[in-house]
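**Student:** Next comes the sequence, and after it the predicted model I'd like to discuss.
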Amino acid sequence: MLVKGIIFIILGIYVTISDKYKLKTNETEKEIIKNEDFEKDRLYKYKVIVGIFAIVIGVFSVLNYILY
């Protein structure tokens, strides 16, 4: 349950910020760049809701592992 919880938390964070930010690789380093042509549409709102839900499920899964 601990591993599933951590995976849900990571997946939720990724889904939530994947549309707003891009990962750009220069020669030896990686940069996180804010997307300039970003629009909040219905799909983005749905992704945010699913991301928050995944984070909540992950947190409860980790708490379940710790408490029991």
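**Tutor:** Ah, there it is. As the structure is a computational prediction, the values presented were derived from the model and not from experiment. Residues are numbered from 1 along each chain as shown.
**Student:** residues contacting residue 66?
**Tutor:** Neighbour list for residue 66: empty [criterion: C-beta atoms under 8 Å, 6 or more residues apart in numbering]. For the C-beta atoms, the positions are set from N, CA and C on the backbone; glycine is no exception.
**Student:** May I have the phi/psi pair for it?
**Tutor:** Here is the backbone geometry of residue 66 (degrees, to the nearest 10): phi -70, psi -40.
**Student:** what's the spacing between it and residue 59?
**Tutor:** 11 Å (C-beta to C-beta, to the nearest Å).
**Student:** I'd assumed residue 19 was in contact with residue 44.
**Tutor:** Yes: if you go by C-beta atoms under 8 Å, residue 44 and residue 19 touch, sitting 5.6 Å apart.
**Student:** mind listing what's buried in the host helix or strand of residue 46?
**Tutor:** Using DSSP states H and E, residue 46 maps to helix 42-67. For helix 42-67, a neighbour-count test (16 or more other C-beta atoms under 10 Å) marks 47-48, 51, 54-55, 57-58, 61-62 as buried.
**Student:** Can I get those in TSV including distance to residue 5 and pLDDT?
**Tutor:** As requested, the buried residues of helix 42-67 are exported to TSV (distance: C-beta to C-beta, whole Å; pLDDT from 0 to 100):
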residue	distance to residue 5	pLDDT
47	20	88
48	20	90
51	15	91
54	10	93
55	10	93
57	8	94
58	5	94
61	3	94
62	4	93
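**Student:** Great, nothing more from me.
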